[in-house]
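[1] Structure, please.
(one chain, ligands or ions: 1)
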Amino acid sequence: MVDLKQQYLKIKNEVDIAIHEVLDSAAFINGKPVGEFADHLAKYLGTKHVIPCANGTDALQISMMALGLEPGDEVITPSFTYVATTEVVALLRLKPVFVEVDTKTFCIDPSAIEKAITPKTKAIVPVHLYGQSAPMEEIIKIAEKYNLFIIEDNAQAIGSDYTFSNGAKKKTGTIGIIGTTSFFPSKNLGCYGDGGAIFTDDDTLANKLKMIANHGQQKRYYHEMVGCNSRLDTLQAAVLNIKLKKLDEYIDGRRKAADYYDKAFSGNAKITIPFRAAYSKHVFHQYTLILENTNRDKLNEYLATKNIPSMIYYPVPAHRQQMFATFGGSSYNLPATDWLTERVISLPMHTELDEEQLNFISSAVLEFINM
Ligand SMILES: *Cc1c(COP(=O)(O)O)cnc(C)c1O
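    Residues are numbered from 1 along each chain as shown. Predicted coordinates:
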């Protein structure tokens with residue numbers, strides 16, 4: 001699905017030097033590159049604070065801890081997402097409330113949010129799925145009306161933006177009170193192991209987020225609150241400093257590949273190509289088709305016989321996961337989510353795809369679909 005080796009080879013000299021600098025410094029924890037990366041990313045995103053942490057799941061957990069949510073408080077999330085978004089809610093003994101996504105954008109459906117609100121609702125977690133912003137303006141309106149926090153799960157959309165109706169633009173992840181991301185290797189901005197970060201413009205909250213990620217301490221060995229241990233390694237920060245400079249170029253590469261696929265598939269009655277919302281710049285973490293009147297799982301197998309990887313993101317939505325049985329998962333009726341789950345397929349999408357590969361992949365898809 002990704003070609004991290006080829007991408008590495010193009011920046012090998014720079015990366016190898018940076019890694020050796022870290023090895024020579026022996027500052028493996030909280031070395032200089034960590035702070036530098038946080039500053040660079042804050043500037044890139046146009047946000048005041050970037051708090052690095054160990055992974056994108058921790059970023060979500062620390063965010064919910066810092067907002068002072070109490071056991072039993074309800075957090076609204078889409079069911080159609082990666083498990084991390086919903087899992088941390090349950091881990092903190094909060095109550096995940098699953099809602100529908102829009103089958104066009106794959107993102108949380110604002111009209112479904114409002115219906116799910118109760119006096120216990122405290123937060124909404126929109127996920128900018130596959131690389132495109134959720135409809136933030138509508139979500140903000142609801143959050144303001146009911147006094148709810150917005151935590152943006154930006155793990156799949158770093159570098160994407162949202163254009164408000166007054167023309168103002170903001171990077172995804174900097175719109176809600178908190179935004180989170182992951183630097184898992186295959187993400188649009190990936191390191192060479194695990195990593196994550198939290199974004200906020202709020203000084204008090206930033207301080208709290210930093211403390212929670214560091215065992216609840218500001219001053220060493222004086223622990224003011226219960227926290228956790230969640231750090232971005234210096235080695236990973238050194239890699240990210242180099243890759244951040246290339247992020248816009250990487251996004252362009254993904255968008256070009258998406259344009260190629262779009263052209264190849266548009267007009268085919270059985271294929272719906274990814275919708276590109278006018279309000280957002282799609283950064284194509286995934287290139288995901290909706291297939292109708294064709295056997296999606298057989299296509300997945302057929303592509304495998306040609307050594308073409310394809311993936312179902314995600315084969316089981318949150319409300320149907322055994323994990324959430326005790327949270328009333330099976331009582332949900334989310335037909336749009338189920339409909340998508342049965343029809344989506346994601347094709348290889350990364351920065352190193354050339355025309356020959358794109359042609360080979362799209363021809364194989366069409367060959368099967370038109371069989
Ligand atoms: C990858 C991802 C995460 C979790 O990131 P990790 O670094 O793997 O913990 C959370 N949410 C979404 C939507 C993701 O895609």
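[2] And the pLDDT for the residue in the stretch 1-150 of the chain that the ligand sits nearest to?
    The nearest approach of the stretch 1-150 of the chain to the ligand comes at G56, 2.5 Å away (Cβ to the nearest ligand atom). Bear in mind the C-beta positions are built from the backbone N, C-alpha and C, glycine included. Per-residue pLDDT puts G56 at 98.
[3] Contact partners for it?
    Neighbouring residues of G56 by Cβ atoms under 8 Å, 6 or more residues apart in numbering: A84, D153, A155, T180, T181, S182, F183, F184, K187, G196.
[4] Then L60?
    If you count contacts by Cβ under 8 Å, 6+ apart, then L60 has A84, T85, V88, V125, I151, D153, T180 around it.
[5] still on that earlier bit, restrict the contacts of G56 to contacts with the ligand.
    A84, D153, A155, S182, F184, G196 (Cβ under 6 Å from any ligand atom).
[6] Could you find the closest non-adjacent residue to the residue of the stretch 1-150 of the chain closest to the ligand?
    S182 (2.5 Å; Cβ to Cβ, 6 or more residues apart in numbering).
[7] Please report the distance of that neighbour from D354.
    27 Å (Cβ to Cβ, to the nearest Å).
[8] what about T180, neighbour count?
    Neighbour count of T180, defined by other Cβ atoms under 10 Å: 31.
[9] Check it and give its pLDDT.
    pLDDT, T180: 98.
[10] Let me know the secondary structure of the residue nearest to it when sequence neighbours are not counted.
    With sequence-adjacent residues excluded and distances taken as Cβ to Cβ, 6+ apart, T180 is closest to A59, at 3.7 Å. Assigned state for A59: helix (three-state reduction, DSSP: H, G, I helix; E, B strand; the rest coil).
[11] dump the residue contacts of A59.
    So A59 contacts C53, T180, T181, S182, G196, A197, I198 (Cβ under 8 Å, 6+ apart).
[12] ok, now L94?
    Taking Cβ under 8 Å, 6+ apart, we find L94 in contact with M64, L69, E70, P71, G72, D73, E74, V75, K122.
[13] Same check on L189?
    L189 neighbours (Cβ under 8 Å, 6+ apart): I158, G159, T181, F183, L240, K243, L244, L247, Y250.
[14] which residues does the second one contact?
    Right, the one you point to is G159. K171, N188, L189, L247, D248, I251, V283.
[15] can you tell me which of the residues you listed are in strands?
    K171 (DSSP state E).
[16] how about the helices of the stretch 251-371 of the chain, start to end?
    Under the criterion DSSP state H, counting those that start in this stretch, helices of the stretch 251-371 of the chain are mapped to 296-305, 335-343, 355-369.
[17] mind putting these in a markdown table, mean neighbour count, mean pLDDT and distance to L4 included?
    Shown next, in a markdown table, are the helices of the stretch 251-371 of the chain (neighbours: other Cβ atoms under 10 Å; pLDDT from 0 to 100; distance: least, Cβ to Cβ, whole Å):
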| stretch | mean neighbour count | mean pLDDT | distance to L4 |
| --- | --- | --- | --- |
| helix 296-305 | 14 | 97 | 20 |
| helix 335-343 | 17 | 98 | 28 |
| helix 355-369 | 16 | 98 | 15 |
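[18] Rebuild those helices as CSV, extending it with distance to D262.
    Below are the helices of the stretch 251-371 of the chain laid out as CSV (distance: least, Cβ to Cβ, whole Å):
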stretch, distance to D262
helix 296-305, 18
helix 335-343, 18
helix 355-369, 10
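[19] Let's have those in TSV, adding distance to the ligand.
    Output for those, formatted as TSV (distance: least, Cβ to the nearest ligand atom, whole Å):
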stretch	distance to the ligand
helix 296-305	20
helix 335-343	15
helix 355-369	22
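[20] Among those helices, which comes closest to I139?
    helix 335-343 (17.0 Å; Cβ to Cβ).
[21] so what secondary structure elements neighbour the closest one?
    With contacts defined as 3 or more Cβ pairs under 8 Å, 6 or more residues apart in numbering; DSSP states H and E, the packing partners of helix 335-343 are strand 287-291.
[22] The strand it packs on versus helix 355-369: what angle between them?
    20 degrees (axes from the mean of the first three to the mean of the last three Cα atoms, to 10 degrees).
[23] what lines up beside strand 287-291 in the sheet?
    strand 271-272 (antiparallel), strand 344-347 (antiparallel) (DSSP bridges).
[24] Just say which of those strands is most tucked in.
    Among those, strand 344-347 has the highest mean neighbour count (mean count of other Cβ atoms under 10 Å), at a mean of 22.
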